[in-house]
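Colleague: Below is the structure, and that's it, no one-letter string:
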């Protein structure tokens, strides 16, 4: 029996040698080996070698992926905005181009995240131990998106103020007041994005210590609801609430949001219960308290947003509408000198249409 057939073949120093070996790229594709004499599939070569790879990532590689995301998302936004403003037959206004471009970038990010989540979750046989290289890579790539998106939502809010007839000058004082109004109006969404960058990013990349890529992949799938959210906001922007497309998209959004965001965490607890052979109701007692706290913290805003979606859906499909709003001049904003337009993230309990946030992370 040669050394590669012995049960002790998988040692950290061997994994490190595999990382340097020219065949490492082949191992990442997922070829499997069996342990000698047992006849059972061992842990995938991909999982062990990728764990060594993830822990040994040089800072330069991580910075390169972060830099790629920092260029890709803002660059895509600027490219889309310029095309919408300059292409013959379009020539949209700055405000329309900004709003649609922001939602286009959000939709593209959602498709990328969902695709990565599908690949990761279907590649992990062992939901705790197996790893996929795409997990940490996409997290690093997507972190700049949340920073960019805070600014993109601010631009959407700025242009909404101008559309409503309240011209905003470019002075520092005016910008400061708009920023304060924006942070009040979009507090929950901005907080969500900040938490994604400052807490979820380091937890997902470092604190997990190579465990649970399957769960991370499933959480990426939460973005499946985002494209329908963005399409709904664009239809509302162009006053297409009466169309069949808006109603079909609203129903699709309601279903995908419920499945991909509300049922997400109960499903993760259920899967872990099956893996550990414990009843579903005992899973919260079996996992670290940090997992329960994180799940509760991330699920709470999803439940709040889903309640607003249901309220909007009820109005959309029953034909109910809220009381007509008084003119803006007779209803000053009690929170400041600026009006209170619908939130840039799309949630509003005051409109008789199905609206939802355009951007939600994991």
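Modeller: Received the coordinates, thanks. Quick caveat: nothing in here was measured; it's all calculated off a predicted structure.

Colleague: what about the closest residue to residue 261 other than its chain neighbours, helix or strand, and which?
Modeller: Nearest-residue entry for residue 261: residue 302, 4.5 Å, with adjacent residues in sequence omitted and distances by Cβ to Cβ, 6 or more residues apart in numbering. Bear in mind the C-beta positions are built from the backbone N, C-alpha and C, glycine included. Residue 302 belongs to helix 289-318 when assigned by DSSP states H and E.

Colleague: Next: residue 209.
Modeller: In the assignment (DSSP H and E), residue 209 maps to no helix and no strand.

Colleague: Report how many residues lie close to it.
Modeller: 9 (other Cβ atoms under 10 Å).

Colleague: now do residue 308
Modeller: Per other Cβ under 10 Å, the neighbour tally for residue 308 reads 18.

Colleague: check contacts around residue 66.
Modeller: Residue 66 makes contacts with 140, 141, 143, 144, as judged by Cβ atoms under 8 Å, 6 or more residues apart in numbering.

Colleague: quick revisit: which parts of the helix holding residue 302 count as buried, going by neighbours?
Modeller: Residues 291, 294-295, 298, 301-302, 305-306, 308-309, 311-313, 315-316 are the ones in helix 289-318 that count as buried (16 or more other Cβ atoms under 10 Å).

Colleague: likewise stretch 68-80?
Modeller: Buried positions in stretch 68-80, judged by neighbour count with 16+ other Cβ under 10 Å: 69, 70, 72, 73, 74, 76, 77, 80.

Colleague: The fifth one: what's it in contact with?
Modeller: Read that as residue 74. Applying Cβ under 8 Å, 6+ apart, the residues near residue 74 are 144, 148.

Colleague: Now do the same for it: helix, strand or coil?
Modeller: helix (DSSP: H, G, I helix; E, B strand; the rest coil).

Colleague: any low-confidence regions in the stretch 51-200 of the chain?
Modeller: 51-57, 163-173 (pLDDT under 70).

Colleague: hey, where'd the helices end up in it?
Modeller: 59-86, 94-123, 133-163, 172-185, 187-195 (DSSP state H, counting those that start in this stretch).

Colleague: Summarise which helices and strands the next helix-or-strand element following the shortest one is packed against.
Modeller: Once the chain leaves helix 187-195, the next helix or strand it forms, by DSSP H and E, is helix 201-202. Helices and strands touching helix 201-202, by 3 or more Cβ pairs under 8 Å, 6 or more residues apart in numbering; DSSP states H and E: there are none.

Colleague: Give me the contact list for helix 201-202.
Modeller: Here helix 201-202 has contacts from 139, 143, using Cβ under 8 Å, 6+ apart.

Colleague: All further residue positions should be reported with the first residue as 7.
Modeller: Sure, I'll start counting at 7 from here, so that last one is helix 207-208.

Colleague: Could you tell me the angle between the following helix or strand past it and helix 100-129?
Modeller: For helix 207-208, the succeeding helix or strand toward the C-terminus, using DSSP H and E, is helix 219-226. Per axes from the mean of the first three to the mean of the last three Cα atoms, to 10 degrees, the angle that helix 219-226 makes with helix 100-129 is 150 degrees.

Colleague: what's helix 219-226 packed up against?
Modeller: Helix 219-226 sits against helix 100-129, helix 139-169, helix 270-282, with contacts defined as 3+ Cβ pairs under 8 Å, 6+ apart.

Colleague: For the residue lying closest to residue 96 once chain neighbours are set aside, give its distance to residue 78.
Modeller: Distances taken as Cβ to Cβ, 6+ apart put residue 90 closest to residue 96, at 5.5 Å, once the chain neighbours are dropped. Separation of residue 90 from residue 78 (Cβ to Cβ, to the nearest Å): 19 Å.

Colleague: burial count for residue 166?
Modeller: 22.

Colleague: And residue 273, by the same measure?
Modeller: Per other Cβ under 10 Å, the neighbour tally for residue 273 reads 13.

Colleague: so what's residue 278 closest to, chain neighbours aside?
Modeller: Nearest non-adjacent residue to residue 278, counting by Cβ to Cβ, 6+ apart: residue 289, 5.7 Å away.

Colleague: helix or strand for that neighbour, which one?
Modeller: Element membership for residue 289, per DSSP H and E: helix 289-292.

Colleague: Can you give me the buried ones in that helix?
Modeller: Applying 16+ other Cβ under 10 Å to helix 289-292 flags residue 289 as buried.
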